[in-house]
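Novice: only geometry, no sequence info:
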């Protein structure tokens, strides 16, 4: 069972302090005037409404220029702890990493790994009677390309000896190496390779997981004076739990022996994340329609070099629909459809974005003739 990202709820009166969190709004809807005959028809109407809700479009995260970090054993161990964690954002904070150090360490580790593989290829070619004659000149190209790759991340003036030392730092700890190999093997190219030269800038971002989650559970309540004035008010808490992968998008060095001057955009899977957040939904309802609202935010924060860095998840009511009105033995059953939008962020960048359509049923009297016309 994966560990849940340990998030602390932010009190409702402090939500406005969360940067980038839109204000909650009240959303109004009416129940259908035509009643459905059976409860099964009402359930089918709710499912049709859920299926009709679109997969959301996630906000686009900006690309951030990488400041490459020297890949020491200590920095690589910090990165490995994040890769091995099932609550990666919390581990990022525990390791006291901000966006700059996290992206910079990951970029340097992957670049060092590519150089290490080409070092091994150079040694193989040097002892091959067929390949030895060109091995040195080709190796010089590899070294120049590796220098450009690190320079693209701001580490300039590295010699061959320093590059080899970075490889040794990577192999000094087997667990560190295994973690980097795991991430490197997860890389998926997005787009065509580009030429690596002195103008190349290494870039990074986070690629959000985007989902529409059909929630088949149903919340129900009974309001005996549903059709009376004043309009009935209440609230309930809806709990959401999801798991996803933390995915980093990097512009990285992607050399081959024959073509070491290449750079590629790749998505790398870093680690798994599971989170839970409770959304308090407020509503006003009568037998003609309803108004609903709700917003929640939970976060984990750390202070790194005097700057507060947070991982957080929000849940917001973004849609309400009157789905059904069905006669039952005690009066009528009214079906509401809610859409909650879930969003998780790290370093202010979106890592998860989902819409969750779910149902809510209110039972009470049937509307008197002419009340809802």
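Specialist: Thanks, I have it. Because the structure is a prediction, the values reported are computed rather than measured.
Novice: please count neighbours and contacts with C-alpha atoms only from this point.
Specialist: OK.
Novice: just to confirm, which residue in the chain is farthest away from the center?
Specialist: Within the chain, residue 129 marks the point farthest from the mean C-alpha position, 50.7 Å out by Cα atoms, centre = their mean.
Novice: that one looks like it's in a strand, true?
Specialist: No: using DSSP: H, G, I helix; E, B strand; the rest coil, the assignment for residue 129 is coil, not a strand.
Novice: which phi and psi does it have?
Specialist: phi -60, psi -30 (degrees, to the nearest 10).
Novice: next one: it from residue 258, what distance?
Specialist: For residue 129, the distance to residue 258 (Cα to Cα, to the nearest Å) stands at 18 Å.
Novice: for residue 278, same thing?
Specialist: Residue 278 is 54 Å from residue 258, by Cα to Cα.
Novice: higher neighbour count, the two?
Specialist: residue 278 (18 against 10; other Cα atoms under 10 Å).
Novice: what bridges to the more buried one?
Specialist: residue 239 (DSSP bridges).
Novice: got a list of what it touches?
Specialist: 237-240, 296, 315 (Cα atoms under 8 Å, 6 or more residues apart in numbering).
Novice: which pLDDT value goes with it?
Specialist: At residue 278, the model reports a pLDDT of 94.
Novice: mind checking how far it is from residue 49?
Specialist: 23 Å.
Novice: give me the PyMOL select line for the contacts of residue 278, limited to the buried ones.
Specialist: With 16 or more other Cα atoms under 10 Å as the criterion, this PyMOL line picks the buried residues out of these:
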select buried, resi 296+315
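Novice: residue 60: which of the contacts of residue 278 is nearest?
Specialist: Taking Cα to Cα as the measure, residue 60 sits nearest to residue 315 out of the contacts of residue 278, at 18.7 Å.
Novice: neighbours of the closest residue to the closest one other than its chain neighbours, how many?
Specialist: Distance criterion Cα to Cα, 6 or more residues apart in numbering; nearest residue to residue 315, sequence neighbours excluded, is residue 342 at 4.6 Å. Neighbourhood size, residue 342 [other Cα under 10 Å]: 27.
Novice: give me the element residue 342 is part of.
Specialist: Here residue 342 sits within strand 331-346, counting by DSSP states H and E.
Novice: chain center to that strand, what's the gap?
Specialist: Averaging C-alpha positions (Cα atoms, centre = their mean, to the nearest Å) puts strand 331-346 20 Å from its chain's average.
Novice: ok, that strand: who's next to it in the sheet?
Specialist: Assessed with DSSP bridges, strand 331-346 is paired to strand 307-328 (antiparallel), strand 349-364 (antiparallel).
Novice: okay, these in CSV with distance to residue 266 and mean pLDDT next?
Specialist: Listed next are these as CSV, based on distance: least, Cα to Cα, whole Å; pLDDT from 0 to 100:
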stretch, distance to residue 266, mean pLDDT
strand 307-328, 23, 94
strand 349-364, 16, 96
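Novice: and of those, who's closest to residue 66?
Specialist: Shortest distance between residue 66 and the strands paired with strand 331-346, using Cα to Cα, is found for strand 349-364: 15.1 Å.
Novice: my guess is residue 54 contacts residue 213. True?
Specialist: No: at 10.4 Å, residue 54 does not count as touching residue 213 under the criterion of Cα atoms under 8 Å.
Novice: so who does residue 340 touch?
Specialist: 315-319, 355-358.
Novice: from residue 237, how far out is it?
Specialist: Residue 340 sits 12 Å away from residue 237, going by Cα to Cα.
Novice: which helix is the longest one in this protein?
Specialist: The helix that spans the most residues within the chain, counting by DSSP state H, is helix 99-126.
Novice: and the helix or strand following that one, what's buried?
Specialist: With elements assigned by DSSP H and E, the helix or strand that comes after helix 99-126 is helix 132-152. By neighbour count on 16+ other Cα under 10 Å, the buried set for helix 132-152 is 135, 139, 141-152.
Novice: which other residues reach helix 132-152?
Specialist: Helix 132-152 is contacted by residues 68, 108, 111, 115, 118, 122, 125-126, 156-160, 163, 196-202, 252-253, 257-258, 260-261 when judged by Cα under 8 Å, 6+ apart.
Novice: quick one, helices of the stretch 151-300 of the chain?
Specialist: Residue ranges of the helices in the stretch 151-300 of the chain, as given by DSSP state H, counting those that start in this stretch, are 160-171, 174-186.
Novice: so which of the ones you listed gets nearest residue 308?
Specialist: Using Cα to Cα, those put helix 174-186 closest to residue 308, at 27.4 Å.
Novice: so what does the closest one touch, helix or strand wise?
Specialist: Judged by 3 or more Cα pairs under 8 Å, 6 or more residues apart in numbering; DSSP states H and E, helix 174-186 is in contact with helix 73-84, helix 99-126, helix 160-171, strand 262-285.
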